[in-house]
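1. Sequence below, structure please.
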Amino acid sequence: MMRERKYQETSFSVDNNLDINKRSVRGGVTTVGSQIVRTLLQILSTAVLGRILFPEDFGLIAMVLAITNFAVMMGELGLSAATIQQKKITHSEVSNLFWVNLAFGIIFTIIFMGLSPFIAYFYKDSRLVKVTILLSFSFFFSGCAVQHRALLSRNLRFVTISVIEVISYALSVSLAIIFGFRGAGYWALVVMHLSNPIILAICFWIFTPWRPSMPDRQAKSIGKHLLFGSHVTIHNIVNYFSRNADNILIGKFLGSEMLGYYSRAYNLMMMPIRQIRTPLISVGMPALSRLQDEPESYAHYYISLTTIIAFFSIPMALFLGAYSYELIYLILGKGWDEAAFVFKVLSIAAAVQPVVGTIGMVMLSSGKSKRFMKLGIFVGLFTVVSFIIGIPWGIKGVAISYVVLNLVSSFPQIIYAFHGTPIKIKSFFLEIAYPLIISLTAIGLIYYVFSKLFCLTDIARMLISLPFTIVLYLGLYFISKRGRKQLHLIVNGLAFLKIKGK
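-> Coordinates of the predicted model:
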């Protein structure tokens, strides 16, 4: 027992830069690869479920998820970020944090079971009582796995995390499709959203050697971790409700059908973007935390990270937006025209959000959690105002208002987040300006040529335009020295992950 305890204590120490280099590169490649697999699975499941279920089914579940996903986030309490960010943390501290996460998971399970009748009353739909009760159990299972996943991430074991997430998602999607074909209707989506946290919790416990001990009152105080986590949690609360206020408002005032159109458009747009941003941030956060005392290396790492995200996410979002109607028809089939316009509008925000979203990583990795909290409150209020302004004009008005105010608020967010950090604002904008300009040029030219000079069906034009757009996009990069430099950075095995020591 003492031998196991010693192993657990020492396993949380910070690895040297050489080990970080190796694990970051290997983990980055694997994580991006796993996200590609997840994207393909999401597209496949969306295409299948979109044909066997109705927009109302998706809207019904979105109503509950807009509220219950909040508790899953709350159960984490920002303590996974605290575990990752700290330079040193002991087994006893992590054990105490585990029990805090688990306790809140149980509390939220009980609370939301009790709130189920009120949620059904709010939306005027009695079906939501049973749906909410079942989905409430996800809080408990999510709380069980918070610290296990955080330790894997802290030790840069991204290969293990990637495998677990792909397996759990594939199994939950498979269950949903099976139930859908058997005529389960919206219950197929309930099965998918409930089974995923259960499978994740089981896998994280299986693949993580760490086991919590009983709460230790004699252990070093976890007060600083709780303070850090409280700032993250407050930010997440405001951010969550602001990001889901559109679903709540649309579900309340426009109904489940309109929410089904809107939620499918939003999820489809963010699906490929998340698969780029999420793995790179999950790799970058623990690495940047270990570079807090190396300003030059820190800045180099972060700017390189944003270069990669911008290179992939900006052209992807703009291309998808240009061919929104064709893409919606291809994936969801007939009857989803309302979602196509929303998808096109949201593509503008999707081109910017992945890059701007990295500023939170800067604040957290440098220990500025209070600033992170304050910025989250400002952005959250701004976002809710945009939804309220747009709701009288339906889902189209919500999308347009959100995008406009989101773009307006991006610049002050960046200035505030980077103040007092090694990141230079000029360097940040220079790295994202190039892919933005080239993306607009390449997509605009190819779209015009194929729409004016060739007689093709809508789907054929989109599919044929894709390779030509990619070729032109890459070709324009070779024109300037800066473009060739960025390409060199990307081609050389995710070079942004290689941390330069002192």
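
2. can you give me the strands for this protein?
-> With DSSP state E as the definition, the chain shows no strands.

3. how close does Phe158 sit to Val355?
-> For Phe158, the distance to Val355 (Cβ to Cβ, to the nearest Å) stands at 21 Å. Yep, even glycine has a C-beta here, placed from its N, CA and C like the rest.

4. Asn247 against Ala62, yeah?
-> Yes - Asn247 is in contact with Ala62 according to Cβ atoms under 8 Å; the separation is 5.4 Å.

5. between those two, what contacts are shared?
-> Residues within reach of Asn247 and of Ala62 at once, by Cβ atoms under 8 Å, 6 or more residues apart in numbering, are 259, 263.

6. Can you list the residue ranges for helices in the stretch 101-250 of the chain?
-> For the stretch 101-250 of the chain, the helices defined by DSSP state H, counting those that start in this stretch cover 128-154, 158-181, 187-207, 223-253.

7. any idea which of these scores lowest on pLDDT?
-> In terms of mean pLDDT, the lowest-scoring of the helices of the stretch 101-250 of the chain is helix 223-253 (a mean of 72).

8. Please name the nearest non-neighbouring residue to Arg482.
-> Distance criterion Cβ to Cβ, 6 or more residues apart in numbering; nearest residue to Arg482, sequence neighbours excluded, is Tyr434 at 6.0 Å.

9. do you know how far Lys424 is from Gly360?
-> Look at Lys424 and Gly360: by Cβ to Cβ, they are 18 Å apart.

10. Looking at the two now, which is surrounded by more residues?
-> Using other Cβ atoms under 10 Å as the criterion, Lys424 and Gly360 rank with Gly360 on top: 22 against 12.

11. ok, now how distant is the residue nearest to that one when sequence neighbours are not counted from Ser480?
-> Excluding the flanking residues, the one nearest Gly360 by Cβ to Cβ, 6+ apart is Phe372, at 6.0 Å. Separation of Phe372 from Ser480 (Cβ to Cβ): 35 Å.

12. The two: who's more crowded?
-> The neighbour comparison of Phe372 against Ser480 (other Cβ under 10 Å) goes to Phe372, with 25 against 12.

13. The more buried one is in contact with Val362, isn't it?
-> No - shown here, Phe372 and Val362 do not form a contact pair, counting by Cβ under 8 Å, at 9.1 Å.

14. closest one to Phe468 among the helices of the stretch 101-250 of the chain?
-> Among the helices of the stretch 101-250 of the chain, the nearest to Phe468 by Cβ to Cβ is helix 158-181 (31.5 Å).

15. which parts of that closest one are buried?
-> Buried residues in helix 158-181, counting neighbours by 16 or more other Cβ atoms under 10 Å, are found at 158-162, 164-166, 168-169, 171-173, 175-177, 179-180.

16. swap in stretch 92-108?
-> Buried residues in stretch 92-108, counted by 16+ other Cβ under 10 Å: 92-102, 104-105, 107-108.

17. Out of the residues you listed, the closest to Ser304 would be?
-> Nearest to Ser304 out of the buried residues of stretch 92-108 is Val94 (Cβ to Cβ; 30.6 Å).
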